[in-house]
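Novice: coords please:
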Amino acid sequence: MSSPPREQRPITLLKLAEKRALGEPIVMVTAYDHPSAAIVDDAGVDVVLVGDSAANNVLGYRDTVPITMDELLMLARAVRRGLKTPLMVGDLPFGTYEASDEQAIATAHRFVKEAGCDAVKLEGGGQMAQRARAIIEAGTPVMGHVGLTPQTATALGGYKAQGRNADAALRVAEDALALQEAGCFSIVFEAIPSAVSEELMYAMEIPIIGIGAGPSTDGQVLVFHDLLGISEFGGARFVKRYGDLMDDMVRGVSAFAEDVRGRRYPEPEHTYSIDPGELADFRTRLKAA
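Specialist: So this is what the prediction gives:
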């Protein structure tokens, strides 16, 4: 029996809210370039995040902090060209939205105007909820992000789970509620205990996307490179690998190198021909040149 055809119409904010209301899990993938965008589009994901994790996954930085707005906008434009159906969300890089509402609005508008993003994402609650509200009131939808927020991981004690005691869990809850009150259309819960997520879901009225936050959220997100095993890093506890493409790629390039060094590539089927008469004419004219 063949599987039913996937949704072909563009995913909208209304569609995401509808999925939550119907209990249909939302699939989000973080992607950074045109080929990966085309792949996740064909796979039928609902949301694509052009994440600042491109910093360490494709640009070679040690963490997400150094990536610039121009770098992320360039990647976002490439992703936009590969998408037809999923909602596209652009991650606001560290240092491009925290200083003021005006800065946050200007940055969000660049992601919409220059890269074609449908929405933007920012990290943290507290004052960042005010930044989210300002961006939303200026006309751009915002996805929030609480729990482990990589841009401020140092202040959180490193890349580790958040909300593992009552005080910390309450801070996560306060951040999530503030972002919801600010008008965010969705929030990412990252690296918080499953039981904390489950309790918080009773207070949430918008789609919640989990990453290391257990099964009770409305959807799940993973990084393209992590889930396919392309990343050189081992990945966090919450990563499930659905492929080991890094090994396959190394084997492929190694095989190519061996064929070149062994003069086994290229073979006749990999070359172009020329009419013998044209070749003779070329030889004659080359000698005369």
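Novice: could you use CA atoms for every contact and neighbour count after this?
Specialist: Will do.
Novice: please identify the buried residues of stretch 44-64?
Specialist: Within stretch 44-64, the residues scored as buried using 16 or more other C-alpha atoms under 10 Å are 44-57, 63-64.
Novice: what is the nearest of these to residue 115?
Specialist: residue 50 (10.4 Å; C-alpha to C-alpha).
Novice: helix, strand or coil for the residue lying closest to that closest one once chain neighbours are set aside?
Specialist: Leaving aside its chain neighbours, residue 50 sits nearest to residue 90 (5.0 Å; criterion: C-alpha to C-alpha, 6 or more residues apart in numbering). Assigned by DSSP: H, G, I helix; E, B strand; the rest coil, the conformation of residue 90 is strand.
Novice: tell me the bridge partners for residue 49.
Specialist: residue 30, residue 89 (DSSP bridges).
Novice: so it sits right up against residue 30, yeah?
Specialist: Yes - under the criterion of C-alpha atoms under 8 Å, residue 49 makes contact with residue 30 at 4.5 Å.
Novice: related to what we said a few turns ago, of the buried residues of stretch 44-64, which is the nearest to residue 251?
Specialist: residue 57 (20.2 Å).
Novice: chain neighbours aside, what residue packs nearest to that closest one?
Specialist: In space, residue 57 is closest to residue 231, 6.5 Å off (C-alpha to C-alpha, 6+ apart).
Novice: helix or strand: which one has that neighbour?
Specialist: Residue 231 is part of no helix or strand, with elements assigned from DSSP states H and E.
Novice: quick one on the thing from earlier: among the buried residues of stretch 44-64, which are in helices?
Specialist: With DSSP state H as the criterion, helices contain 54, 55, 56, 57 from among the buried residues of stretch 44-64.
Novice: pLDDT and distance to residue 192 for these - can I get that in CSV?
Specialist: Compiled in CSV, those are given as follows (pLDDT from 0 to 100; distance: C-alpha to C-alpha, whole Å):
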residue, pLDDT, distance to residue 192
54, 94, 22
55, 93, 23
56, 90, 22
57, 92, 23
